[in-house]
Each structure stands twice: as structure tokens, then as C-alpha cells.
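Engineer: Structure for the following, please:
(2 chains)
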2 protein chains.
Amino acid sequence: MTEATGAGRVRRGRGRPSRRETAAAPATRDRILEAAREEFSERGYEKTSVRGIAKAAGVDSALVHHYFGTKEQVFEAAIEVAFAPALDAPEAFAAGPREAVGERLTRFVFGVWENPTTRTPLLAIVRSAVNNDTAAAVFRRLVAAQLLRRIVGQLDVPDPELRTELAASQLIGVAILRYVIKVEPLASVDLEQLVARVAPVVQGHLTNP
Amino acid sequence: MTEATGAGRVRRGRGRPSRRETAAAPATRDRILEAAREEFSERGYEKTSVRGIAKAAGVDSALVHHYFGTKEQVFEAAIEVAFAPALDAPEAFAAGPREAVGERLTRFVFGVWENPTTRTPLLAIVRSAVNNDTAAAVFRRLVAAQLLRRIVGQLDVPDPELRTELAASQLIGVAILRYVIKVEPLASVDLEQLVARVAPVVQGHLTNP
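Structural biologist: Numbers count the residues shown, from 1 in each chain, chains lettered A, B, ... in the order given. Here you go, the predicted structure:
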């Protein structure tokens, strides 16, 4: 019932349904998001269509539009889950000694990549962002503007944005070579050994004078 | 004349024509390579076809196969030019003080990215390698096996492969955020300021105890 009503009231340009709608059909909404993550990570942004996502989720395209809006908004909602833990609790990175913020951030990022569930949306955004300007804009907004700046906003350093982006560049570069392109020996090296080499670099970018 | 003869003897599975053939029609060969770089960088590996490259170069598909072999081999030849200076003179990185090898490598990589001519094949390989397993294999072979190991083979350190890949991960991560996804302020920061922050990290990965 909810689905039929929803399909009848297509609202483009809105990223989220109201709380009431979310509460009414969370299973359907989650199924669409899961299908979207799979489609975007397998095909990339350009080759993925709202129609294809709807088909994979077993719903009508209009319902996808109803819940999420445009393809860009479906994409953003689909990958947001990967960053949700950090977005919900950015203070986790600032809690604890300042000299270990690099290690906390490094462990968080590799933890997300090592987890098969959260790796899928990350693959989706990396593959899409390097190939498509719209997806790159979502990446900038979500990762750079929200996640990273909220983290570094709690560090009292000059050039916090540049520092955070350089820290992110080290983590993204390792993630791409290890998890996406799978260069050896980096792809197989023990995670603790990797953290031992990467965390000091991340720390240095964030807090070195 | 050379082209007609060449088109008649399609040899798959070979990456390069003989010296005589290269000498006979270098302009045609170069035109195909240039078209291939454009196609791969704009469309990525999967969406690019030998037919499309041939059309862009104004030649028959059979001639592309004749000169380069399979699509994978066209791809490898097309991007190899970006790394040619390093492949031809890897000693450039070892010449000079060992404590400045990080800066030399950093300046070389950013120099290639800042140059519009060599940026195109780099965009092609990065975009293709994160989206396609065949292109990723070419990346591993060309960048990891040839370029980087030849450089670090001249450094007397333990774990040279892992170190080199970590150094590369920092450079690739910065390149992706600066030149591909264009995250600010990293995309606009002065090159010298960037080198000052990145070169010590690259140096550390390569030579720190």
C-alpha cells in the first residue's frame, strides 16, 4: 500500500523521504539502497540507471525516484552508509590522545575496507568518482566536506583542510593499490604491518608542524 | 603502401611491429597511439574498442591489430609513453643524494601529471585500472613491476617492493584527489608547497629504518 501511494507521488530533487515514510516501509527502502550499492559498485555511476536499480530491487522506477530523487541522490544515499559510523560519531577520532589520531583514522578506514559489507559502497564511490564528474562531486561533498572536515575541525592545526586531504590521499592511495588494483605485496601484507607504516604518515600530515 | 601490406598480415598477440615497420610508417603508428590514448582516457578501458580507436585515427581496425595486437596490448602501448622517461632513465632517481630520492620521484610524478600531454595517458590508466581487471593487470605490470621496482632496486633497503608501493600509494592518492576528483584546496595548492609536504613522506616510505 505504501509503495503504491509512494509511486503515485514522485518527488524529484529530494534526497530523503519523510520520517513517517521511512518508518512505513524501511524494508523496501533498504532493499533499494542495497540494490543501488551493488549496481553502482559493479557498473560504476555512468552505466547504472534508476531503472536497473529498480529492477534489481524488484520495485517500480517511480518508487526509487519517490524515495531518493535523482540518480545522483540515489548514489549519495547508497554510499552514505559506508561513512555513517564516522558521520554519526566523528568525535571518536578526536577522543583519545592527539598523537594517536592518525592511527585511529587509519584503523577506521582499513576497517571499512576489510569489511565486505562496507567495501561495496566504497568500491562504488571510488570507481564512480574517478570516471564521472557528478560522482566526483558527490565524493567531494560527502568525504571531503562532511567526514574529513568534521574530523579535522577538532584538531587545532593550521591548514586543516589541506592536511586532512593529504591524510586522506595516503589512505585512498593505499586502499586503491591494495583493494582495487591489488598490487603485490601490498595487497597481501598483514594489516598490522600496514597500519604500522601508514598511521605515522597520516598522523604526520594531520599534526606535524 | 606499408599500411596496405600491414593490414593484410594481421598478427595478434604481438605488442610491437618490427623496427623496419616502425621506421616505414611511424606517423600512422603514432596517430593510432594518440587516438588510443584519447579514447581510453575519455571512455575507460571497457567502453573503448579497437574499432573506435581505428575510426578516430582514420585507419582500418586490422591495421591497429597489426601494429599492436589485442586491445590490451594497444592499451599498454598507449600508456607506456607516459612512463617512457622513467623507463628509459631510471637511474635518474638513483643519481644524486639518497636522502633526496623521495623528492626526485615526487617531482617526476607531479611533472608528468602537470603536463597536459602526459596527463592523458595517466588518466586513461587510472580510470581504466580501477574499473577493469585487465587494465589493472596492465597497471600492475607496467607501473609496479617495471617502473617502480627498477627505481627501488637501486636503493639498498629491506622490503623494497612494499616500500615502493607505499611511496606510490601516496603519490597516486594525491594525484587522484588533485587531478581527477579535484578536491579543494588540494587541487589548487601551489606545486612547491605540495612537494614540500609529500616528498618527505615518499622519502620516508622508501628509506626510513
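
Engineer: What about A:L177, how many residues nearby?
Structural biologist: Neighbourhood size, A:L177 [other CB atoms under 10 Å in any protein chain shown]: 25. Where you see a C-beta, it was placed from the backbone N, CA and C, and this is true even at glycine.

Engineer: now it: how far from chain B?
Structural biologist: 5 Å (CB to the nearest CB, to the nearest Å).

Engineer: One more: A:R43?
Structural biologist: A:R43 sits 9 Å away from chain B, taking CB to the nearest CB as the criterion.

Engineer: For that residue, which non-adjacent residue is closest in space?
Structural biologist: Counting by CB to CB, 6 or more residues apart in numbering or on different chains, A:R43 lies nearest to A:G52, which is 7.8 Å off, once chain neighbours are set aside.

Engineer: roughly how far is the stretch of helix or strand that neighbour belongs to from the heart of the chain?
Structural biologist: With elements taken from DSSP states H and E, the one containing A:G52 is helix A:50-57. Distance of helix A:50-57 from its chain centroid, counting by CA atoms, centre = their mean, to the nearest Å, is 20 Å.

Engineer: List the buried residues of it.
Structural biologist: A:50, A:52-54, A:56-57 (16 or more other CB atoms under 10 Å in any protein chain shown).

Engineer: May I see these organised as JSON lines, with pLDDT added?
Structural biologist: Shown next, in JSON lines, are those (pLDDT from 0 to 100):
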{"residue": "A:V50", "pLDDT": "95"}
{"residue": "A:G52", "pLDDT": "95"}
{"residue": "A:I53", "pLDDT": "95"}
{"residue": "A:A54", "pLDDT": "96"}
{"residue": "A:A56", "pLDDT": "95"}
{"residue": "A:A57", "pLDDT": "94"}
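
Engineer: so what does the helix holding A:G52 touch, helix or strand wise?
Structural biologist: Using 3 or more CB pairs under 8 Å, 6 or more residues apart in numbering or on different chains; DSSP states H and E, the elements in contact with helix A:50-57 are helix A:26-47, helix A:61-68, helix A:71-88.

Engineer: could these be laid out in CSV, adding mean pLDDT, mean neighbour count and distance to A:G111?
Structural biologist: Compiled in CSV, those are given as follows (pLDDT from 0 to 100; neighbours: other CB atoms under 10 Å in any protein chain shown; distance: least, CB to CB, whole Å):
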stretch, mean pLDDT, mean neighbour count, distance to A:G111
helix A:26-47, 86, 20, 18
helix A:61-68, 94, 23, 27
helix A:71-88, 77, 20, 9
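
Engineer: Put together JSON lines for those helices, with distance to A:I172 on each row.
Structural biologist: Compiled in JSON lines, those are given as follows (distance: least, CB to CB, whole Å):
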{"stretch": "helix A:26-47", "distance to A:I172": "16"}
{"stretch": "helix A:61-68", "distance to A:I172": "26"}
{"stretch": "helix A:71-88", "distance to A:I172": "13"}
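
Engineer: Any idea which of the ones you listed gets closest to B:F75?
Structural biologist: Nearest of the helices and strands packed on helix A:50-57 to B:F75, taken as CB to CB: helix A:26-47 at 17.7 Å.

Engineer: Report the inter-axis angle for that closest one versus helix B:26-47.
Structural biologist: Interaxial angle of helix A:26-47 relative to helix B:26-47 (axes from the mean of the first three to the mean of the last three CA atoms, to 10 degrees): 170 degrees.

Engineer: Can you classify the closest residue to chain B within chain A by secondary structure?
Structural biologist: At 2.6 Å from chain B, A:G173 is the closest residue in chain A, using CB to the nearest CB. Of the three states, A:G173 takes helix under DSSP: H, G, I helix; E, B strand; the rest coil.

Engineer: burial measure for the residue nearest to it when sequence neighbours are not counted, as a count.
Structural biologist: Sequence neighbours aside, B:G173 is the residue nearest to A:G173 in space, at 2.6 Å (criterion: CB to CB, 6+ apart). Look at B:G173: counted by other CB under 10 Å, it has 24 neighbours.

Engineer: Equivalent analysis for A:T120, please.
Structural biologist: So A:T120, with other CB under 10 Å, has 19 neighbours.

Engineer: now do A:N115
Structural biologist: A total of 12 residues lie near A:N115 under the criterion other CB under 10 Å.

Engineer: Distance-wise, check it relative to B:E39.
Structural biologist: Separation of A:N115 from B:E39 (CB to CB, to the nearest Å): 36 Å.

Engineer: Kindly report the same for A:E103.
Structural biologist: Distance of A:E103 to B:E39, computed by CB to CB: 43 Å.

Engineer: List the contacts of the residue nearest to A:G173.
Structural biologist: If you count contacts by CB atoms under 8 Å, 6 or more residues apart in numbering or on different chains, B:G173 has them with A:168-174, A:176.

Engineer: now swap in A:I176 and tell me
Structural biologist: A:126, B:130, B:169, B:172-173, B:176.

Engineer: check contacts around A:R107.
Structural biologist: Taking CB under 8 Å, 6+ apart, we find A:R107 in contact with A:195, A:199.

Engineer: and after whichever helix or strand it is part of, which helix or strand comes next?
Structural biologist: Assigned by DSSP H and E, A:R107 belongs to helix A:101-114. Per DSSP H and E, the first helix or strand lying C-terminal to helix A:101-114 is helix A:116-129.

Engineer: centre of the chain versus whatever helix or strand comes next after that following helix, how much separation?
Structural biologist: Moving toward the C-terminus from helix A:116-129, the next helix or strand (DSSP H and E) is helix A:133-139. Chain-centre distance of helix A:133-139: 12 Å, with CA atoms, centre = their mean.

Engineer: Report all helices and strands that helix A:133-139 contacts.
Structural biologist: In terms of contacts (3+ CB pairs under 8 Å, 6+ apart), helix A:133-139 is packed against helix A:26-47, helix A:71-88, helix A:116-129.

Engineer: Burial check on A:E161, number of neighbours?
Structural biologist: Residues near A:E161, counting by other CB under 10 Å: 18.

Engineer: And the pLDDT at it?
Structural biologist: In this model, A:E161 is scored at 85, pLDDT.

Engineer: Contacts only, for the nearest residue to it once chain neighbours are set aside.
Structural biologist: Among residues not flanking A:E161 along the chain, B:P185 sits closest, at 5.4 Å (CB to CB, 6+ apart). Shown in contact with B:P185 (CB under 8 Å, 6+ apart): A:159, A:161-162, A:165.

Engineer: Look up phi and psi at B:P185.
Structural biologist: B:P185 adopts backbone torsions of phi -90, psi 0, taken as degrees, to the nearest 10.
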